[in-house]
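Trainee: model the structure of this input:
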Amino acid sequence: MSSVALFLSLGGVGYAAIQLPADSVGSAQIRDQAVTYRKIRPSSVGIVRANTGQLQVRVKGTCGAGSGIGSIDRAGHVTCNQSLPQQYGTTDNTAASVGATAATVTSVALPSGSSYLAFANPTATVTPAKGVTTAQQVTVTCKLIVGSNTETRSTTIETSGVAGQGAIGSIPLQAEGQAGTGSVACTSAVAPITGVTTQPAAPTVSVTSAIDALQVQ
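Mentor: Reported below is the predicted structural model:
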């Protein structure tokens, strides 16, 4: 009897191993770590057998110069975004003897097809004429031009009255505009000194500025 029982026991195990009903084995019947990648035959699982809602298929497509991959959908298709905004700028340029007539301090070409946000920080230096020991007030007005848009600001700079000693002032500017030309242009005006019959010689005004324009669209 014991031999028969052993035979039936072994026979039952063998039957269960090779005659499992369809859909009878799930995650509850598989021991953790029992199935690993080493037990899956290479190339035996493809997209037809895989749940594409849980897997990322091979990436398709590339992005051109000046752009990068922003997203990838489940089908592997890429969406390209501009990687970095284009930047256009100039180094410092000096316009000597800025007076009543506007003088262009610096300029840069802004390519078509985009709009731009530009920054500039003109620095004006007022130098008294030789031998002048009277304090003088100078108003310096600068324009930042971006395409057809303009921002204008002024600052008043006063000299100390010490012979040969100048004074400095800055004018931060910001403007947004379309393609075309970005430039900084400045003028200066000397305030007359009250109670003085003969006005001292006008000081020399020079302006230094650069432009930093960022592509925003």
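Trainee: which non-adjacent residue is nearest Gly70?
Mentor: Asn81 (3.5 Å; Cβ to Cβ, 6 or more residues apart in numbering). (C-beta placed from N, C-alpha, C; glycine too.)
Trainee: burial measure for the residue nearest to Asn149 when sequence neighbours are not counted, as a count.
Mentor: Distance criterion Cβ to Cβ, 6+ apart; nearest residue to Asn149, sequence neighbours excluded, is Gly177 at 3.5 Å. Neighbour count of Gly177, defined by other Cβ atoms under 10 Å: 21.
Trainee: what sits against the residue nearest to Gly70?
Mentor: 67-70 (Cβ atoms under 8 Å, 6 or more residues apart in numbering).
Trainee: which one of the residues you listed sits closest to Thr106?
Mentor: If you rank those by distance to Thr106 using Cβ to Cβ, Ser67 comes first, at 30.1 Å.
Trainee: how is this protein divided into domains?
Mentor: 49-84, 87-193+201-215 (automatic domain parsing).
Trainee: worst average pLDDT in the ones you listed?
Mentor: For the domains of the chain, the weakest mean pLDDT is recorded on domain 49-84, namely a mean of 75.
Trainee: returning to what we had before: nearest to Asp32, out of the domains of the chain?
Mentor: domain 49-84 (19.0 Å).
Trainee: which positions within the closest one qualify as buried?
Mentor: Across domain 49-84, burial judged by 16 or more other Cβ atoms under 10 Å covers Val78.
Trainee: how far does it sit from the chain's center?
Mentor: Centroid separation for domain 49-84 versus its chain: 22 Å, with Cα atoms, centre = their mean, to the nearest Å.
Trainee: nearest residue to the residue nearest the centre of the chain in space, please, no chain neighbours.
Mentor: Taking Cα atoms, centre = their mean, the centroid of the chain lies closest to Pro85, which sits 5.1 Å from it. Nearest residue to Pro85, sequence neighbours excluded (Cβ to Cβ, 6+ apart): Gln215, at 4.5 Å.
Trainee: and the helices in this structure?
Mentor: 2-18 (DSSP state H).
Trainee: show me where it has its strands.
Mentor: For the chain, the strands defined by DSSP state E cover 67-72, 78-82, 87-89, 93-95, 103-120, 123-127, 137-146, 149-158, 167-170, 173-190, 204-209, 211-215.
Trainee: just the CA trace of the last one, in PDB.
Mentor: When you say that, I think you mean strand 211-215. In PDB, the C-alpha atoms belonging to strand 211-215 read as follows (Å, rounded to 0.1, in the frame of the first residue of the first chain):
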ATOM      1  CA  ILE A 211      23.600  95.000 -25.200                       C
ATOM      2  CA  ASP A 212      22.400  91.500 -24.200                       C
ATOM      3  CA  ALA A 213      19.400  90.400 -26.200                       C
ATOM      4  CA  LEU A 214      17.700  87.000 -25.500                       C
ATOM      5  CA  GLN A 215      15.400  85.300 -28.000                       C
END
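Trainee: so what secondary structure elements neighbour it?
Mentor: Contact here means 3 or more Cβ pairs under 8 Å, 6 or more residues apart in numbering; DSSP states H and E; on that basis strand 211-215 packs against strand 87-89, strand 103-120, strand 173-190.
Trainee: try 10 Å this time
Mentor: The helices and strands touching strand 211-215, judged by 3 or more Cβ pairs under 10 Å, 6 or more residues apart in numbering; DSSP states H and E, are strand 87-89, strand 103-120, strand 137-146, strand 173-190.
Trainee: brilliant, that's me finished.
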